[in-house]
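Student: Sequence and predicted structure, then a few things I'm wondering about:
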Amino acid sequence: MSITGTSCHRGTASILGTLVFVGIIFTSFIPMMLLMNQADTLYDMRKHELGILDQERIDEEISFYAYPDSNDKIVLSIKNEGSTPVKIVNVWINDVEYPQNVNINSMETKILASLDVTLHDLTSYTVKVITENGNVFTSDAGTLYYSSSSAVGWYTPSLGICVHIDNLRGTYQIIIGTDPVQEYLTIENERGDIEKIFWVDFPGTYYVTIKKREGSDWVNVNPPYDDKPIDVLWPASKPITDVYVSGIFA
């Protein structure tokens, strides 16, 4: 037997074995590593996307109040108090769903179309708003009640005066009379308009003063509201009475 021939065959076999091993590495292990890296990349992307959604959900801040427009209709006034746009996708009144598709920009207020309600005697109605990010907000006006024995049907809504100021930079003073006097100040408000609801206990006449600081003085804005009588006339009109002024000195 030739020793040289045997060694040659063994060397060839070793080379072939090495080539097969390298082939296995290239055809299985490396693609597997690439697949794992791709999965890690997709995971990181998804994690980043979820982080963005979580931050958007945290940043969402809306306030709204619901009130009856007639015996079987409810109206919603919604303000986006946050710094990012909000999309309203649903309104729930008790267990009834009202799908929506309403976009509200930062510091913008929108009135939703009247929603039809099936009335039941001696029933309470809770109104909630759901955003596209899954946040749920409840009406600042609280629960509405309905009784067929009541002269107006609806009763015990929250009553208030909503002050709107087309904002120019400055400090504003809002005073609602009579008793107790409520005062609201804004300091160096530079972003968006001002909107503030003052809740009151009973229908009647209230006195509104709105001023803006000029130097060390408080000066009337336009139009002037200086102890001006404002009527909250529920049930003759909606429970929230709106007051509009500019940030310009009168």
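Tutor: Cool, the structure landed.

Student: which residues does the nearest residue to residue 207 once chain neighbours are set aside contact?
Tutor: Nearest non-adjacent residue to residue 207, counting by C-beta to C-beta, 6 or more residues apart in numbering: residue 177, 3.8 Å away. Using the backbone N, CA and C atoms, a C-beta is placed for each residue, glycine as well. Contacts for residue 177 (C-beta atoms under 8 Å, 6 or more residues apart in numbering) come out as 206-209, 227.

Student: Adding pLDDT, write the residues you listed out as JSON lines.
Tutor: Converted to JSON lines, these look like this (pLDDT from 0 to 100):
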{"residue": "206", "pLDDT": "92"}
{"residue": "207", "pLDDT": "91"}
{"residue": "208", "pLDDT": "92"}
{"residue": "209", "pLDDT": "90"}
{"residue": "227", "pLDDT": "89"}
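
Student: Buried among these? Need that as a selection in PyMOL.
Tutor: To isolate the buried members of the contacts of residue 177 in PyMOL, using 16 or more other C-beta atoms under 10 Å:
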select buried, resi 206+208+209
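
Student: Just the closest of the contacts of residue 177 to residue 104, please.
Tutor: residue 208 (26.5 Å; C-beta to C-beta).

Student: Who does the helix or strand hosting that closest one pair with, and is each partner parallel or antiparallel?
Tutor: Using DSSP states H and E, residue 208 sits within strand 204-214. Next to strand 204-214 in the sheet, as set by DSSP bridges, lie strand 172-176 (antiparallel), strand 217-232 (antiparallel).

Student: Deepest in the core, which of those strands is it.
Tutor: Most buried of these, by mean neighbour count (mean count of other C-beta atoms under 10 Å): strand 172-176, with a mean of 20.

Student: pull the CA atoms of that strand into CSV?
Tutor: The C-alpha coordinates for strand 172-176 follow below in CSV (Å, rounded to 0.1, in the frame of the first residue of the first chain):
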residue,chain,number,x,y,z
TYR,A,172,-55.3,88.8,32.6
GLN,A,173,-57.6,89.1,35.5
ILE,A,174,-61.1,87.5,35.5
ILE,A,175,-63.5,88.1,38.3
ILE,A,176,-66.9,86.4,38.5
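
Student: I'd like the mean pLDDT over it, please.
Tutor: In this model, strand 172-176 has an average pLDDT of 88.

Student: now the strands paired with strand 204-214 in JSON lines, with distance to residue 115?
Tutor: Formatted as JSON lines, these follow (distance: least, C-beta to C-beta, whole Å):
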{"stretch": "strand 172-176", "distance to residue 115": "29"}
{"stretch": "strand 217-232", "distance to residue 115": "23"}
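
Student: which stretch among those comes nearest residue 126?
Tutor: Among the strands paired with strand 204-214, if distance is taken as C-beta to C-beta, the winner is strand 217-232, at 22.9 Å.

Student: Contacts for that closest one, please.
Tutor: 159-161, 165, 172-173, 177, 200, 203-213, 239, 241, 243, 245-250.

Student: Among these, name the buried ones.
Tutor: Using 16+ other C-beta under 10 Å, the buried ones in these are 159-161, 165, 172-173, 200, 203, 206, 208-212, 239, 241, 243, 245-247.

Student: coming back round to it: any figure for the gap between the residue nearest to residue 207 and residue 240?
Tutor: Distance of residue 177 to residue 240, given as C-beta to C-beta, to the nearest Å: 18 Å.
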